[in-house]
Every structure is written in structure tokens, then in C-alpha cells.
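Novice: Any chance you could fold what I've pasted below:
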Amino acid sequence: MNLADIRDLLEAEIIVGEDKLDIEITTAFGADLMSDVLAFAHSGCLLITGLSNPQTIRTAYALDIAAIVICRGKNLSPKFIEVAKELGIPILLTKYIMFETSGRLFQQGLKGCIREVCLDNRDVSGR
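Specialist: Prediction:
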């Protein structure tokens with residue numbers, strides 16, 4: 001799906017990147033911890049987050065993330081928008097919570113960057 005499809009599906013507002021609505025997106029990653037984004041997100045994916053500070057944009061830029069969806073209808077600071085414009089990262093803003101945002105995208109065929117993480121010999125039985 002492209003950013004225009006995502007905008008429509010999420011009833012989102014395009015904050016930055018009106019000229020990039022034709023970008024094709026095939027995977028997504030959702031997190032509010034940028035350390036998780038750095039560890040698990042892949043280049044070209046859509047980042048779904050509620051974290052709306054300039055570090056989010058810089059993290060996305062470092063990973064070559066295609067676009068960011070800010071969920072939960074957060075207020076975006078002028079600095080956030082300025083950094084997004086400067087680095088050319090499209091920003092969409094939706095009223096939906098992260099769970100609903102992710103579910104809507106998954107339902108339309110968007111896949112996650114990863115499905116699971118290795119638990120490194122941890123006992124997954126809960127003991």
C-alpha cells in the first residue's frame with residue numbers, strides 16, 4: 001500500500017510529505033521506545049509510534065524509515081515538524097491508538113518488519 005492508502009485507512013492528517021503520498025510501504029513496526037526501533041525496525045518500513053519528539057525523526061532517518069505515523073492524536077511541536085521537513089521524513093497523524101492503527105494496517109495486508117524475537121535460551125514456559 002502507499003502513503004495515500006494509509007492516510008485514508010487511518011483517517012490521518014499529512015503533517016509532512018504531501019508530495020510523497022505515492023511511496024509504497026510493505027512493512028511496519030510499532031514502538032514508543034526508540035531503542036526497540038533501533039534494534040528491530042528495518043529500512044523502508046512505516047514506523048507507528050506515539051512518541052513525538054525530534055529524536056523520533058532522527059532515529060527514523062538513521063534507519064532509512066520510509067514514514068512515521070504518530071498515533072493517539074498527539075500534539076506535534078514546531079521543532080518536531082521542522083526536523084521532519086529538514087530530513088524529508090513524511091509524518092502522518094492519526095487519532096487511533098497504536099493497537100487500532102496496527103490492526104487496521106495488518107488487516108489490509110501490511111506485515112510487520114519482524115514476527116518474533118529470539119529469547120536466547122530463556123524459559124518461555126513462564127517458570
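Novice: Tell me where the model's unsure across the protein.
Specialist: Counting by pLDDT under 70, the ranges of the chain that qualify are 118-127.
Novice: again, only using 80
Specialist: Using pLDDT under 80 as the threshold, the predicted model of the chain has low-confidence ranges 115-127.
Novice: Grab the most central residue of it for me.
Specialist: The structure's the chain has its C-alpha centroid closest to residue 47; by CA atoms, centre = their mean the separation is 1.5 Å.
Novice: List the beta-bridge partners for that one.
Specialist: Legend: beta-bridge partners of residue 47 under DSSP bridges are residue 29, residue 68.
Novice: what's the distance between it and residue 73?
Specialist: With distances taken as CB to CB, to the nearest Å, residue 47 is found 17 Å from residue 73. No exception for glycine: its C-beta is placed from N, CA and C like everyone else's.
Novice: What of residue 56?
Specialist: 16 Å.
Novice: And those two? Which one has more around it.
Specialist: Under the neighbour definition other CB atoms under 10 Å, residue 56 and residue 73 were set side by side, and residue 56 has more, 24 against 12.
Novice: So that one belongs to a helix, correct?
Specialist: Yes. Read with DSSP: H, G, I helix; E, B strand; the rest coil, residue 56 is one of the residues of a helix.
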